[in-house]
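A.B. asks: here are the coordinates; sequence isn't available:
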Ligand SMILES: Nc1nc2c(ncn2[C@@H]2O[C@H](COP(=O)(O)OP(=O)(O)O)[C@@H](O)[C@H]2O)c(=O)[nH]1
Ligand SMILES: [Mg+2]
């Protein structure tokens, strides 16, 4: 079976065959040996950048209540590549936001879908994204985690019920609750209970576990995608060749039908011209 393993060819495939665009771009990304990649996805202002900073242990990504950027930010730390996305904003619902999140989703080995607990349940857009990630995980083995942030903003007695509601909305997702603020403060002030609420250590081990399998999963995905794309492109070519043959055949048929009538017309024209000349 033919396989596609050349970046330039894959870019052509992505352009010429929109149906295979995602798979071709994903495979093109898999050809480079980039470090295992973790991306944060989710809505704007849900604590994504803060979470990455807590995980990295450095104020690497801009944190703000206002939108900072519409493009993805990338940093390499501790042997991993981290992608921060601007996040989807219901108000501006920009195409840029969606494209940025699509790219991060495609490039990452592990996707952290972030939702701020104080925002209550997931909205429809978030639930749709999670369903998509769950499907991709089932198909390709690429993992995702649902990270519920800002747990410190929920009263202790309400935390369990909020988590239960959200679990019900994303039944197959692995869910972790965290607080970047509680974690950072717990560390700065040496308060173990705050650090425990922050739960960033647990998230770090989940990430390590997921990325330790990234190389094996990339290999498997590379082989599968290369075969799938190769097969589909071959099928498209067979179809295109068939169309071309059909067109050629129909053109020949048209000529075969038209030729006698055209030559009859020509003969008549010649005769008419002769008659006219004779008449002169
Ligand atoms: N109370 C609390 N606030 C947080 C926490 N994480 C982030 N925030 C705040 O939430 C707002 C948005 O954070 P940011 O990380 O920029 O969100 P992003 O737009 O999703 O990247 C900022 O005001 C942060 O200070 C947290 O764990 N607890
Ligand atoms: Mg941010």
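C.D. replies: Noted; the coordinates are in hand. In this text, all values refer to a predicted model and were calculated from it rather than measured experimentally. Ligands and ions are numbered 1, 2, ... in the order given.
A.B. asks: show me the contacts for whichever residue of the chain sits closest to ligand 2.
C.D. replies: Of all residues in the chain, residue 49 sits closest to ligand 2, at 3.3 Å by CB to the ion. The way it works is simple: take the backbone N, C-alpha and C, and place the C-beta from them, glycine included. When contacts are counted by CB atoms under 8 Å, 6 or more residues apart in numbering, residue 49 touches 40, 61-64, 68, 84.
A.B. asks: also residue 159?
C.D. replies: Taking CB under 8 Å, 6+ apart, one finds 117, 151, 177 in contact with residue 159.
A.B. asks: pLDDT value on the second one, please?
C.D. replies: Think residue 151. Note for residue 151: predicted pLDDT of 97.
A.B. asks: count the neighbours of it for me.
C.D. replies: Applying other CB atoms under 10 Å, we find 23 residues neighbouring residue 151.
A.B. asks: where do the strands sit along the stretch 101-250 of the chain?
C.D. replies: Ranges of strands in the stretch 101-250 of the chain, per DSSP state E, counting those that start in this stretch, are 110-116, 143-149, 174-177.
A.B. asks: just to revisit the earlier point, now the contacts of residue 159 as JSON lines including distance to residue 12?
C.D. replies: Formatted as JSON lines, the contacts of residue 159 follow (distance: CB to CB, whole Å):
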{"residue": "117", "distance to residue 12": "45"}
{"residue": "151", "distance to residue 12": "47"}
{"residue": "177", "distance to residue 12": "45"}
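A.B. asks: let's have those residues in TSV, adding distance to ligand 1.
C.D. replies: Converted to TSV, those look like this (distance: CB to the nearest ligand atom, whole Å):
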residue	distance to ligand 1
117	9
151	7
177	10
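A.B. asks: so what's residue 122 up against?
C.D. replies: 115, 130, 166, 169-170.
A.B. asks: contact partners for residue 179?
C.D. replies: The contact partners of residue 179, taken as CB under 8 Å, 6+ apart, are 149-153, 197-199.
A.B. asks: how does it look with 7 Å?
C.D. replies: 149-152, 197-198 (CB atoms under 7 Å, 6 or more residues apart in numbering).
A.B. asks: roughly how far does the spatially closest residue to it that is not a sequence neighbour sit from residue 178?
C.D. replies: Ranked by CB to CB, 6 or more residues apart in numbering and with sequence neighbours excluded, the top spatial neighbour of residue 179 is residue 152, at 4.2 Å. In this view, residue 152 and residue 178 are 10 Å apart by CB to CB, to the nearest Å.
A.B. asks: and these two? Which one has more around it.
C.D. replies: residue 178 (28 against 19).
A.B. asks: got the phi and psi for the more buried one?
C.D. replies: phi -140, psi 170 (degrees, to the nearest 10).
A.B. asks: again with residue 122
C.D. replies: The phi/psi pair for residue 122 (degrees, to the nearest 10) reads phi -70, psi 140.
A.B. asks: just the buried ones among the contacts of residue 49, please.
C.D. replies: Buried members of those, counted by 16 or more other CB atoms under 10 Å: 40, 61, 84.
A.B. asks: among those, which lie within helices?
C.D. replies: Using DSSP state H, no member of those falls in helices.
A.B. asks: closest one of the residues you listed to residue 160?
C.D. replies: Closest approach to residue 160 among the buried ones among the contacts of residue 49 (CB to CB): residue 40, at 24.7 Å.
A.B. asks: roughly how far does that closest one sit from residue 105?
C.D. replies: From residue 40 to residue 105 the distance is 11 Å (CB to CB).
A.B. asks: then residue 15?
C.D. replies: Per CB to CB, residue 15 is found 20 Å from residue 105.
A.B. asks: which one's more surrounded, these two?
C.D. replies: More crowded of residue 15 and residue 105, by other CB under 10 Å: residue 105, with 22 against 10.
A.B. asks: count of residues packed around residue 45?
C.D. replies: For residue 45, the count of nearby residues is 16 (other CB under 10 Å).
A.B. asks: residue 77 touches residue 57, doesn't it?
C.D. replies: No: with contact defined as CB atoms under 7 Å, residue 77 does not count as touching residue 57 (8.3 Å).
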